[in-house]
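Chemist: The sequence and its predicted three-dimensional model are supplied below.
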Amino acid sequence: MIHLPSLRGIPFAPKVEVRERIEQLKMKVHSFSDFLNEYHPRNLIEQPTHGSLNNRWSTSSLQGRRQFVIFELQDAAVVYSITLGKYTRTGESVLLKDFCVYGGQQPDRMNVLLEEELDDEPGVESYWLLHSVYAHPHIIKDSEIIGEPTEMPLPVKYIKLELICNRVLTSTLDLNFVQFHGITDPKYIQESTAKVEEYLRIQGLRLSLKQLKLSGLTNAVI
C-alpha cells in the first residue's frame, strides 16, 4: 500500500480493501502540446524535486489553447489518484490554478476523471480520481429496478493531464512533477475490463432493440 498526502475528492475515494493494493504507476510521455526551452514534459516523471527551478514542465499560456501531456502507462491500470508537485519561484505563491485529468484505453478516446483547482500553497497536492462507474441491474419488475447497482472499475492505458489557467496572467504554465497511483494486477484488470465490455454490450443491444421497436419492426419489450 502506498502512503499519500491527505487526498482531496473524497466522493471518489475507493474502499479500504482496494486502497491496500494501490501502488505508484510506471509511465512514459506519449505526446504533448508544447514546451519551452529545456523544460520538457518528461521532467514531470523524473525524480521529484519540490520547487526546483530546473526540474519542471514549462509551456506557453499565450497560445489561446489548453496545454497538455498524454502519458502512456507501462501496464493498463485502474487509476485511483494523482499527485502533483506544484512549481513555485522563491517567495511566490503557486500560479497554476485549474487543471483537468482524462483517462482511456486509446489516446484519442478518453473520459474526464477529474476537474479541479489547486490551492496556492507551495508543495504537493493529491486527489482521488473518478475510477469506477455504477451500472444498474437490468431486472425490472412492476416498473421498479430490482437489486443494487454494480461498481465497475475502469481500466485505462493512457492519461491526459491538461493545464487550463493560472491565477494571474503570465506567459507560462509550470508544473514540477506528476505521479499516478492505481492497481495493475492482471487478474483485477481482466475482470474489470470484462465487466465494462459486458455492460456496454448489453446497453448496445437494449438501444438497438429500442430503435427497432420505435420503428415498428419488432414487438420486443425493453
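Modeler: Nice, thanks for sending it over.
Chemist: So which bits of stretch 98-118 are buried?
Modeler: Within stretch 98-118, the residues that count as buried by 16 or more other CB atoms under 10 Å are F99, C100, V101, Y102, G103, G104, P107, M110, L113, L114, E116, L118. In short, each C-beta sits where N, CA and C put it, glycine included.
Chemist: Could you save the residues you listed as a markdown table and add columns showing pLDDT, secondary structure and distance to H30?
Modeler: What follows is those, written out as a markdown table (pLDDT from 0 to 100; DSSP: H, G, I helix; E, B strand; the rest coil; distance: CB to CB, whole Å):
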| residue | pLDDT | secondary structure | distance to H30 |
| --- | --- | --- | --- |
| F99 | 92 | strand | 18 |
| C100 | 95 | strand | 17 |
| V101 | 96 | strand | 15 |
| Y102 | 96 | strand | 12 |
| G103 | 96 | strand | 13 |
| G104 | 94 | strand | 12 |
| P107 | 94 | coil | 6 |
| M110 | 94 | strand | 12 |
| L113 | 93 | strand | 16 |
| L114 | 93 | strand | 19 |
| E116 | 90 | strand | 22 |
| L118 | 87 | coil | 24 |
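Chemist: Relative to K26, which of those is nearest.
Modeler: Nearest to K26 among those is G103, at 15.7 Å by CB to CB.
Chemist: how close does the closest one sit to L113?
Modeler: Distance of G103 to L113, computed by CB to CB, to the nearest Å: 5 Å.
Chemist: Mutual contacts of these two, please.
Modeler: Counting by CB atoms under 8 Å, 6 or more residues apart in numbering, the contacts common to G103 and L113 are V79, L129, I159.
Chemist: What strands flank the helix or strand where the last one lies, and is each parallel or antiparallel?
Modeler: In this case it means I159. Assessed by DSSP states H and E, I159 sits inside strand 155-166. Taking DSSP bridges as the criterion, strand 155-166 forms sheet pairs with strand 67-86 (antiparallel), strand 96-106 (antiparallel).
Chemist: Can I get the first one in PDB, CA atoms only?
Modeler: Which is strand 67-86. Provided in PDB are the C-alpha atoms of strand 67-86 (Å, rounded to 0.1, in the frame of the first residue of the first chain):
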ATOM      1  CA  GLN A  67      -1.700  22.800 -22.900                       C
ATOM      2  CA  PHE A  68      -1.500  19.000 -22.200                       C
ATOM      3  CA  VAL A  69       0.700  15.900 -21.700                       C
ATOM      4  CA  ILE A  70      -0.600  12.400 -22.500                       C
ATOM      5  CA  PHE A  71       1.100   9.700 -20.500                       C
ATOM      6  CA  GLU A  72       1.200   6.000 -21.600                       C
ATOM      7  CA  LEU A  73       1.100   3.600 -18.600                       C
ATOM      8  CA  GLN A  74       3.600   0.700 -18.700                       C
ATOM      9  CA  ASP A  75       0.600  -1.600 -17.900                       C
ATOM     10  CA  ALA A  76      -3.100  -1.000 -18.100                       C
ATOM     11  CA  ALA A  77      -4.400   0.100 -14.700                       C
ATOM     12  CA  VAL A  78      -7.400   1.300 -12.700                       C
ATOM     13  CA  VAL A  79      -6.000   4.700 -11.700                       C
ATOM     14  CA  TYR A  80      -7.200   5.900  -8.300                       C
ATOM     15  CA  SER A  81      -5.300   9.100  -7.600                       C
ATOM     16  CA  ILE A  82      -3.000  11.800  -8.900                       C
ATOM     17  CA  THR A  83      -0.200  13.700  -7.000                       C
ATOM     18  CA  LEU A  84       1.000  17.000  -8.400                       C
ATOM     19  CA  GLY A  85       4.200  18.800  -7.400                       C
ATOM     20  CA  LYS A  86       3.400  22.500  -7.700                       C
END
